[in-house]
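Q: Attaching a predicted model along with its sequence, questions to come.
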Amino acid sequence: MASALKNLSDYSSKNLVDISDKIFAVVVAEWNEEVTGSLYNGAVQTLLSHGAKQENIVKVEVPGSFELSLGAQKLAQREDVDAVICLGCVIQGETRHFDFICDAVAHGVTNVSLKYDKPVIFGVLTPENQKQAMDRAGGKHGNKGDEAAITAIKMLAL
Ligand SMILES: Nc1c(NC[C@H](O)[C@H](O)[C@H](O)CO)[nH]c(=O)[nH]c1=O
Ligand SMILES: CC(=O)[C@@H](O)COP(=O)(O)O
């Protein structure tokens, strides 16, 4: 369902697990930092509002979304980390580079999650332009960071 039809920050908080002792690693891409910074703020606020402790939220920055997979792997392999949230924004350019990055990070993040049997959340925007990105980073369609954080919490219930 398109974000235009389902706000990214519209979710149910029912029946969530206690996350007061859970450690969340958040890997943030530096590319499009205005957008990814908003995603990060949304994710952290969502985690805190559901009982996570600030000291249990570990932030790691990587250069771009392509590097999110390796950043996620380095954190997922830590026994003390319960879930990893990957945040990025890949904006379409003139060439097919966009496709390769998006495909690589989607597969890479999935592989890390399966390898370490932990939630590794794909919180990566793949917009056509800056406006679409901002609309999904705290704008009219909500915040992808909120969605990524609540997804991590829900996956911890499995
Ligand atoms: N164009 C965007 C990039 N490009 C950089 C790649 O992610 C990567 O860092 C580079 O190819 C070196 O490996 N990254 C984004 O996150 N967003 C973009 O729009
Ligand atoms: C998604 C990208 O890497 C993008 O910024 C590259 O732009 P272009 O395809 O115009 O080189």
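A: Looks like it arrived, so ask away. Note that the structure is predicted; figures quoted are calculated from it, not measured. Numbering: from 1, shown residues only. Ligands and ions are numbered 1, 2, ... in the order given.
Q: And the closest residue to ligand 2 within the chain, how close does it get to ligand 1?
A: With Cβ to the nearest ligand atom as the measure, G93 is the residue of the chain nearest to ligand 2, at 2.2 Å. Heads up, the C-betas are built off the backbone N, CA and C, glycines and all. To ligand 1, G93 is 6 Å away according to Cβ to the nearest ligand atom, to the nearest Å.
Q: Report the secondary structure element holding that residue.
A: Using DSSP states H and E, G93 maps to neither a helix nor a strand.
Q: mind checking how far it is from I121?
A: For G93, the distance to I121 equals 25 Å [Cβ to Cβ, to the nearest Å].
Q: now swap in E33 and tell me
A: Counting by Cβ to Cβ, the gap from E33 to I121 is 19 Å.
Q: Same question for S13.
A: Counting by Cβ to Cβ, the separation of S13 from I121 is 17 Å.
Q: more crowded one of the two?
A: A direct count of neighbours by other Cβ atoms under 10 Å for S13 and I121 places I121 higher, at 26 against 11.
Q: looking at this, that one is in a strand?
A: Yes: with DSSP: H, G, I helix; E, B strand; the rest coil as the criterion, I121 is assigned to a strand.
Q: Run a quick neighbour tally on A72.
A: Residues within reach of A72, counting by other Cβ under 10 Å, total 29.
Q: Next: V17.
A: For V17, using other Cβ under 10 Å, the count is 14.
Q: Closest approach to ligand 1 from the protein, which residue is it?
A: For the chain, Cβ to the nearest ligand atom, closest residue to ligand 1: G64, 2.3 Å.
Q: mind checking how far the residue lying closest to that residue once chain neighbours are set aside is from E61?
A: Of all residues not flanking G64 in the chain, W31 sits nearest, at 4.4 Å (Cβ to Cβ, 6 or more residues apart in numbering). For W31, the distance to E61 (Cβ to Cβ) stands at 10 Å.
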